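Q: Please work out how this folds:
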Amino acid sequence: MMLAVRSCLLALACLTALGASARAASDAPPALQIVLAEHLRALAALHVRQPQSLYLQGSVAGLGLDGTFENWREGDRERYDETLGIRTQRTLRIGAVEWVRNANGDVRQLRGVVARRQITEDAIDSGDFARHPEYDTLLGRAKLRDGRDVWQIRVEPPGGEPFGVAIDATTFMIDEKAYVDGDGVTTFDYSDYRVTRGALYPAVTLESNGEPAYDVKSRVMAAEVDEPIPAAVFAPLEPAVVDASAPVVVPLMSDTGHFFVRGSVGGKPLLLLVDSGSQGLFLDEGAAQRLGLSPEGTLEVRGSKRIAGRGVAALDRIDIGGAGLPVHVVSVVDLNGIMYKHATIDGVLGYPFFAAAEIRIDPDSMTMTIARPGTLAAMGSPVPIDTDRELPEASARINGTTDGRFLVDTGNNNDLLVYHAFVKAHPGVVFYGTTQGFAQNRGVGGSSAAVPATIYRLQLGPFNLYNRYADVMLSDTGAFADGNEAGNIGLGTLKNFVFTFDYAGRTLYLQKARAFDDGRYRPQVERLNPLPPP
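A: Reported below is the predicted structural model:
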């Protein structure tokens with residue numbers, strides 16, 4: 001199960017056009033050339049230069065909370081800190097390498113999709129996109145949600161992810177940047193540009209995922225240019241790691257195809273879902289109340305559907321067996337859709353749990369091993385994973401023909417989910433036209449309709465698994481409509497292996513379990529209790 005937390009008219013253009021191929025420079029239409037030239041002319045008129053150093057400080061408001069930010073830039077080094085309520089995140093960049101430390105203290109180096117986004121942002125912020133029209137495709141005119149008239153341009157430099165850029169039709173400054181993120185589009189709107197000693201910056205930035213209730217606005221309050229920045233500002237980030245002197249083995253419990261584990265806070269027991277498909281640590285409202293936690297602010301959770309959470313609360317740690325998981329911040333939501341033995345669970349162990357430890361799940365012994373990162377001996381075949389989005393995503397091939405990016409999700413009790421957008425983009429790869437019933441996937445936010453299908457072969461690393469019972473998800477919103485993924489590999493497939501998540505090494509290790517079954521002799525159709533169409 002994927003639980004994601006959300007910490008314009010341009011969005012439609014991004015969703016429909018980001019997949020187009022870049023236009024050669026010699027073929028750039030006159031209108032595109034004019035817009036790009038006017039943008040460069042606007043920058044020249046402001047006498048913009050690259051400063052030796054730049055420090056920005058200001059306020060942040062959103063999600064029912066207030067906070068601050070600081071941004072240091074010097075040469076090829078940059079650091080950005082943002083505090084919103086009790087949540088603090090830091091980004092550090094040295095040369096071409098970038099690290100992020102999230103509110104739970106987990107540190108990850110960006111190497112995948114988010115790193116590719118940064119390549120595109122660099123091309124936009126430096127003006128290179130305007131000097132290289134071969135990166136660009138003109139999409140036309142539109143209006144932003146605040147009424148500004150803009151030229152829309154799709155930008156994709158070599159090695160970068162596609163972005164939408166809105167150039168103001170009057171000032172020819174950048175009004176908005178946008179990229180596909182999950183089931184929607186994330187936008188950054190800029191206004192009130194200022195120049196301080198040649199350094200250009202927007203005084204106001206509005207970050208949005210299309211839901212105004214979750215917008216976050218930052219405002220620059222002070223700027224310093226070409227002032228010395230202490231070297232300690234760019235010191236390496238120290239990650240939070242699990243408190244365990246040696247690997248800890250704890251029993252797993254199973255119900256409805258999910259794995260659960262017992263934990264505690266201050267001696268008070270908790271029942272927790274083990275969910276690699278969740279981007280956060282979650283507590284049910286009842287459990288938070290029992291622990292005496294007081295949530296603040298609000299948050300948006302993408303489960304089966306988008307729902308509002310109660311907010312976030314401070315929590316020092318969760319104990320699991322003899323291991324202590326550093327938490328710092330926990331999200332409080334209604335987990336009524338997740339049950340163990342017909343009772344609501346207390347919480348969900350997502351990305352911060354897997355990032356702070358090395359986790360091995362053994363379906364044979366029904367145990368989970370928790371160890372400090374890098375301390376478990378490698379066991380099985382390595383499969384590379386991308387954790388840039390605080391999710392383990394792996395490349396896999398379905399039906400011998402088509403590659404996709406799949407979430408590896410211990411919180412999904414199915415063999416496989418395939419997202420509708422991927423199926424539409426690859427006609428004929430998944431056949432489900434003769435089914436008479438609908439399947440139903442339940443989770444946080446309710447249920448999502450799906451159509452049963454059989455994937456005849458799934459290739460994951462060196463393994464071939466046949467006759468995977470899949471659901472083609474029909475939803476256009478929520479975690480099962482993620483535009484960055486082809487689908488979701490669930491526990492129904494993973495339980496064929498003893499599997500180890502090594503987030504520090506960006507690797508999933510797979511070793512055949514004793515009950516390994518590659519599925520070649522499974523029936524090609526198995527569906528129980530089909531639902532009537534909604």
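Q: backbone phi and psi for W151, please?
A: Note on W151: backbone dihedrals following degrees, to the nearest 10 are phi -100, psi 130.
Q: my guess is it meets T137, correct?
A: No: judged on C-beta atoms under 8 Å, W151 makes no contact with T137 at a distance of 11.6 Å. For every residue, glycine as well, the C-beta is placed using N, CA and C.
Q: which SSE is I455 in?
A: Per DSSP states H and E, I455 falls inside strand 446-460.
Q: Parallel or antiparallel, list what pairs with that strand.
A: strand 393-398 (antiparallel), strand 439-443 (antiparallel), strand 463-473 (antiparallel) (DSSP bridges).
Q: Would you format those as TSV with mean neighbour count and distance to F282 included?
A: TSV is the format used below for the strands paired with strand 446-460 (neighbours: other C-beta atoms under 10 Å; distance: least, C-beta to C-beta, whole Å):
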stretch	mean neighbour count	distance to F282
strand 393-398	21	20
strand 439-443	21	12
strand 463-473	22	22
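Q: ok, of those strands, where does mean pLDDT dip lowest?
A: The weakest mean pLDDT among these belongs to strand 439-443, with a mean of 58.
Q: what about D175, how many neighbours?
A: 26 (other C-beta atoms under 10 Å).
Q: So it is in contact with D189, correct?
A: Yes: assessed by C-beta under 8 Å, D175 is found in contact with D189 at 6.5 Å.
Q: Residues contacting the longest helix belonging to the chain, please?
A: In the chain, with assignment by DSSP state H, the single longest helix is helix 30-45. By C-beta atoms under 8 Å, 6 or more residues apart in numbering, the residues outside helix 30-45 that reach it are 23, 127, 129-131, 133, 136-138, 151, 153, 167, 171-174, 200.
Q: Narrow these to those in strands?
A: Under the assignment DSSP state E, these contribute D136, T137, L138, W151, I153, I167, I174, L200 to strands.
Q: So which of those is the closest to V216?
A: I174 (18.6 Å; C-beta to C-beta).
Q: any idea how far that closest one is from I124?
A: Going from I174 to I124 by C-beta to C-beta, to the nearest Å gives 7 Å.
Q: what sits in contact with each of those two?
A: Jointly contacting I174 and I124 under the rule C-beta under 8 Å, 6+ apart are V165.
Q: More neighbours: the two, which one.
A: I174 (25 against 19).
Q: who's in contact with the more buried one?
A: Residues H39, I124, V165, A166, I167, D168, Y190 are the ones in contact with I174 under the rule C-beta under 8 Å, 6+ apart.
Q: In contact with the residue nearest to P373 when sequence neighbours are not counted, which residues?
A: Distance criterion C-beta to C-beta, 6 or more residues apart in numbering; nearest residue to P373, sequence neighbours excluded, is A504 at 4.0 Å. Going by C-beta under 8 Å, 6+ apart, A504 touches E358, P373, G374.
Q: Return the member of those residues nearest to A486.
A: E358 (26.8 Å).
Q: Could you give the bridge partners of that closest one?
A: A371.
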